[in-house]
Structure formats: structure tokens, C-alpha cells
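Q: Build the 3D model from these lines:
(one chain, ligands or ions: 1)
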Amino acid sequence: MTTLDRDVVIIGAGPSGLTAAYELRKAGKTVAVLEARDRVGGRTWSQNMDGATIEIGGQWISPDQTGLYSLIEELGIETFERYKEGKSVYIAEDGTRTVYEGEDFPVGEATIAEMNKLIAEMDRLTAEVNPDAPWEHPQAAELDMVSFHHWLRTISNDEAACNNIGLFIAGGMLTKPAHTFSALQALLMSSSAGSFSNLVDEDFILDRRMVGTMQGVSIAVAKRLGEDVYLNNPVLKLDWSEEGVTAYGAGVTVNAKKVVIAVPPNLYSRISYNPPLPRRQHVTHQHQSMGLVIKVHAVYSTPFWREEGLSGTCFGPNSIVQEVYDNTYHGESTGTLVGFISDVNADAMFELSEAERKETILKGIAEFLGDKALTPEVFYLSDFGSEEWTRGAYATSYDLGGLFRFGPDQNKNVGPIYFSSSDLAGEGYQHVDGAVRMGRRTAARIVAAVDG
Ligand code: FAD
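A: Prediction:
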């Protein structure tokens, strides 16, 4: 067992922990990062499969994500645009398949008008919400009392419109059914992206990707931290007092003045705190839970949909695979599709045998893009729900009423213990951008506390 003395120990080498460590180092502090896995990057993770680059976790960056943009500029990392040329495909609730152009789903004028009404109402309220403190909105208590599903139906009685708009936040972002989180939580999600219109515009929110993959950002930061990143060191025990902390990794113990816990909030209770955390944190942490989504990749010898004038972008609010995009990595001649299977649909897929699961999912993609989709060369399902150090995807959110009740305390430090996660961010919430912003903010708070 190695014992180290540092100014700050950071638990978790995802983008938030690594950014915090990097900023602390730049401010002249000594750091050690203890990471449970045998790799850095956390929920960003890429692998090469039969020659295709697959991003299993986070990958896209949008124009408003200036926290992450400034970090990659510093690291010398470039971005490339997602393939967006051509028409999209929509499968309606009755199973009708339509190829369409433009931003509006092909759902009939009345439903489009209702969707636009819902978008306008979301935009109006979003403009009033401070992403760093959504609980301060004058109607926050009421908005946190009602599920997003029911709130949408107080504004429109068009079921298709409510389902389509619900999908953008439920299946599309929080990866939970729309009846399990509040309208306030939905507004936090949209305010974190600047507006609801930004969030529903896939060309905005899924704009560009990293050359070298999103995990490459964490790898680049870890490289700058050098030997101060300790892999295979899950921290399960933390002693703390006002004077400092001792974090116990599997092979490394670190004594430090402060600790940054940069793991997702659903994993805070994996660590045994001595003395225990205060009541408020004990209770708060039980109300933040992970969503669940399967990110599926299918790689083909060519991007056959492009030859048919299709962009690869597909939506089906009632389909098993609710969203599909062209996810071909830049410079590769093969064609890669990515699809998302959220919450209860993901549950259903995991009930099937591996062979049935593959067949059902590929049939779901083929309903959008034709039978050529049935025979990929590579087929890969992400399964972050089975990963001990994540336990779901993409991120955590509060249960009904939790954001208003517990949100104001989520970013408070407990003596020397600071929490940093994309899931606690305002701008960039649930995204790598939020992880970076939180890492920087936490580092600045610690520097101010240590240096006075
Ligand atoms: P994490 O990335 O979860 O890192 C936490 C780290 O802590 C992990 O490395 C973990 O192993 C480690 N850890 C946990 N417990 C312990 C312990 N006890 N001791 C030591 N180490 C521990 N974001 C985007 O911006 N764009 C996207 O396109 C996008 N798509 C996504 C797709 C998927 C499938 C998933 C899962 C996420 C996606 N995200 C996306 C979200 C993004 O990946 C996360 O917001 C981001 O990775 C969070 O960073 P973090 O550092 O806060 O947490």
C-alpha cells in the first residue's frame, strides 16, 4: 500500500474529476486522482471494433457548450461535423413510415400546431429558469409537483403532440418515462441547453464530435496529470474532519486537505464516510437516480442510406429504437448507425436472449431504413447499467419533487468534501460540458477556501 500526501485527492477520473485535478494543478496545488476502473473517461468510452471507431458513451458537442470547447482548444483537440445531409424518416404511432425534410415531424397540421404551442410554452418558461438554480423560479414548487407527462397534457390535448414533445426530454435526455420526473426537471434540462428549441433541434444538440473521440479529451487531460492518476483504485472508505481527509483506494491511500468526489450522485453511497455524512446529504442522495438507455451501434460496409438520399436521422416515438443517426466516424469508409433504446424499451430488450435482442433491434432499425439494415458487420450494445461504476445511462435526475426540495443543497460542500459531476451542473447538465464546468467551478472553490 502506497501512502501519499496531497493538497487535494480527487475520486473519479471522468471528465469532471480530471478537469478539477487539472485546474487545481494549474493553481499550484498537488493532487492525486483515484479511479475505480482500469481506464479514464467514465461515461465517455471508445473502442475500435473491426476497424470502426465506436463511441460507447458520450460523444456529441453542441455550439453552446463553451466550457468543453475552451478545454479542447487548450488541449489542441479538433472536432468534426455529424453527417446531416439528406432526408429523415419518421414512424408515426400507427406505424406509418414517412420520409420527410425540414424540422417538423410529418404529423399533420393540427398536431404540428400543438407541438409548436408546447415548444413555445417550454421556451417561454425556460427563458425564466436559471439553470444553476431552477428551484428559484416563482412557480418552481408547483412545476416540481407535476410529472412532465401530465404537465404537457395541461397545455395540449393532442396525444401525438404530447408524446413527441415528451420524447425529447424523456427518452431523449433523462432516459426515464415522462411520468417519473417533474416539469421543473424538464425545464432544468432545456435551460441547460439555452432553450427548449435548442434541445429539440438535433442539428444543434448533436452537432459535432471529437477527432480522437470524446474519451480522448479525458485521456489528454490525464496525460498532463501523468503519474498522479491512479487506475484500479476504487475508493470505498473516506475518513474526514475539518482538518482534512484520508481516502482509501485499493492500493493507494491519500491524505489531503480536501477531497473532490467526482463520481455520479447515485454512487455517493458506495463510499463509507467516517464520520457519516450529515442527514441532509444522506437523504438528498437517495433522490437522485440514473436513467437507463441502450446505445446501439451497427456498422455496415457502406453508409447505404446516403445513396438513397437519407441522412440516417430517424424518429419513432412509439418504436423500440426511438432515435437513429448516422454515426460514421470521420475518415472511415464504412457506415455506422447509432440508435437509442430508452427506459422501459431498454428493460424489455434486456428480458430477451442475446439473439432475440439483436434481431428485434435490427428489425426496429430496418423499419426506418430498409432491409439492408438487418445485416451489419459489427453490432454492439452499450450496457452501462451493468457497469458497477456507473449503473445506468446517461445520467442522474431527481424524482418528483426532489429538485425543488433538495436541489439547493446539492452543490454545498460538507467540510472538506466537495461534489463535482455533470449531473450537478446547470449549463451543460448531464453532458461532458457540464462535467468540465463543474470541475472548474469546484477547483476554484477549493483554491479560494485553501488560499483564503
Ligand atoms: P463520469 O463520466 O461518470 O466519471 C465518473 C468516474 O468516477 C468514472 O470514471 C468512474 O469509474 C469513477 N468512479 C465511480 N465510483 C468510484 C469510486 N468509488 N472510486 C473511484 N472512482 C470511482 N454527454 C455529452 O456531452 N454528449 C453525448 O453525446 C453524451 N452521450 C452519452 C451517451 C451515453 C451512453 C452515456 C452513458 C453518457 C452520455 N453523455 C453524453 C453524458 C456524459 O458522458 C457524462 O455527462 C459525463 O461523462 C459525466 O462526467 P463525470 O466526470 O461527471 O462522471
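Q: rest of the way, CA atoms for contacts and neighbours
A: Will do.
Q: that's a helix at residue 344, yeah?
A: Yes. Under DSSP: H, G, I helix; E, B strand; the rest coil, residue 344 falls within a helix.
Q: Quick check, pLDDT for the residue lying closest to it once chain neighbours are set aside.
A: Nearest residue to residue 344, sequence neighbours excluded (CA to CA, 6 or more residues apart in numbering): residue 177, at 7.4 Å. Predicted confidence (pLDDT) for residue 177: 97.
Q: I'd say residue 40 and residue 220 touch.
A: No. Using CA atoms under 8 Å, residue 40 makes no contact with residue 220, being 10.0 Å away.
Q: which bits of the stretch 251-400 of the chain sit near the ligand?
A: For the stretch 251-400 of the chain, the residues in contact with the ligand (CA under 6 Å from any ligand atom) are 262, 263, 264, 271, 295, 389, 390, 393, 394.
Q: strands paired with the helix or strand harbouring the fifth one, and their directions?
A: Counting by DSSP states H and E, the element that carries residue 295 is strand 293-300. When sheet partners are counted by DSSP bridges, strand 293-300 sits next to strand 335-342 (antiparallel), strand 378-381 (antiparallel).
Q: Chain neighbours aside, what residue packs nearest to the residue in the stretch 51-200 of the chain that the ligand sits nearest to?
A: Using CA to the nearest ligand atom, the closest approach of the stretch 51-200 of the chain to the ligand is made by residue 58 at 3.1 Å. What sits nearest to residue 58 in space, not counting adjacent residues and going by CA to CA, 6+ apart, is residue 44, at 4.8 Å.
Q: Doesn't the residue nearest to residue 344 belong to a strand?
A: No. Assignment of residue 177 by three-state DSSP gives coil, placing it outside any strand.
Q: That one - how many residues pack around it?
A: 21 (other CA atoms under 10 Å).
Q: who touches it in this structure?
A: Contact analysis of residue 177 by CA atoms under 8 Å, 6 or more residues apart in numbering lists 170, 171, 343, 344.
Q: try 10 Å this time
A: Residues in contact with residue 177 (CA atoms under 10 Å, 6 or more residues apart in numbering) are 147-149, 166-167, 169-171, 291-292, 342-345.
Q: do the same with residue 301
A: Residue 301 sits in contact with 333, 334, 335, 336, 375, 376, 377, 378, where contact means CA under 10 Å, 6+ apart.
Q: can you count the residues close to the residue of the stretch 51-200 of the chain closest to the ligand?
A: Residue 58: 22 surrounding residues under other CA under 10 Å.
Q: thought it was touching residue 213?
A: Yes. Between residue 58 and residue 213 there is a contact at 9.1 Å, judged by CA atoms under 10 Å.
Q: Overlap in contacts, the two.
A: Residues touching both residue 58 and residue 213 by CA under 10 Å, 6+ apart: 44, 45, 46.
Q: Run a quick check on the last one versus residue 210, I expect a contact.
A: Looking back up the chat, that one is residue 46. No. Taking CA under 10 Å as the definition, residue 46 is not a contact partner of residue 210, at 11.4 Å.
Q: Mutual contacts of the two, please.
A: Common neighbours of residue 46 and residue 210 (CA under 10 Å, 6+ apart) are 59, 216.
Q: Contact partners for residue 31?
A: Counting by CA under 10 Å, 6+ apart, residue 31 makes contact with 4-10, 20-22, 24-25, 225, 228-229, 254, 256, 258-259.
Q: For it, which non-adjacent residue is closest in space?
A: Spatially, and ignoring its direct neighbours in sequence, residue 31 is nearest to residue 8 (5.0 Å; CA to CA, 6+ apart).
Q: Might one say that that neighbour is in contact with residue 228?
A: No. Proximity of residue 8 to residue 228 does not meet the contact threshold set by CA under 10 Å, at 11.1 Å.
Q: anything in contact with each of those two?
A: 21, 30, 31, 32, 33.
Q: State the number of residues packed around the first one.
A: Spelled out, it's residue 21. Residues near residue 21, counting by other CA under 10 Å: 32.
Q: is the ligand contacted by the helix or strand hosting it?
A: Assigning secondary structure by DSSP H and E places residue 21 in helix 15-26. Yes. For helix 15-26, a contact with the ligand is found by CA under 6 Å from any ligand atom, at 15, 16, 17.
Q: Looking at those residues, which is nearest residue 244?
A: residue 17 (18.5 Å; CA to CA).
Q: surely the closest one meets residue 434?
A: No. Assessed by CA under 10 Å, residue 17 is found out of contact with residue 434, at 11.8 Å.
Q: Who has more neighbours out of those two?
A: Legend: neighbour count by other CA under 10 Å for residue 17 and residue 434, higher for residue 17 (35 against 27).
Q: where does the stretch 1-150 of the chain come near the ligand, residue by residue?
A: Residues of the stretch 1-150 of the chain lying near the ligand (CA under 6 Å from any ligand atom): 11-17, 34-37, 40-44, 56-61.
Q: one more time with 8 Å, if that's ok
A: When proximity is defined by CA under 8 Å from any ligand atom, the stretch 1-150 of the chain lies next to the ligand at 11-18, 34-37, 39-44, 56-61.
Q: Look up phi and psi at the residue nearest to residue 58.
A: Here is the backbone geometry of residue 44 (degrees, to the nearest 10): phi -110, psi 130.
Q: That one touches residue 14, doesn't it?
A: Yes. Taking contacts as CA under 10 Å, residue 44 lies within contact range of residue 14: 7.7 Å.
Q: quick one: common contacting residues for those two?
A: With CA under 10 Å, 6+ apart, residue 44 and residue 14 have common neighbours 215, 217, 218, 432.
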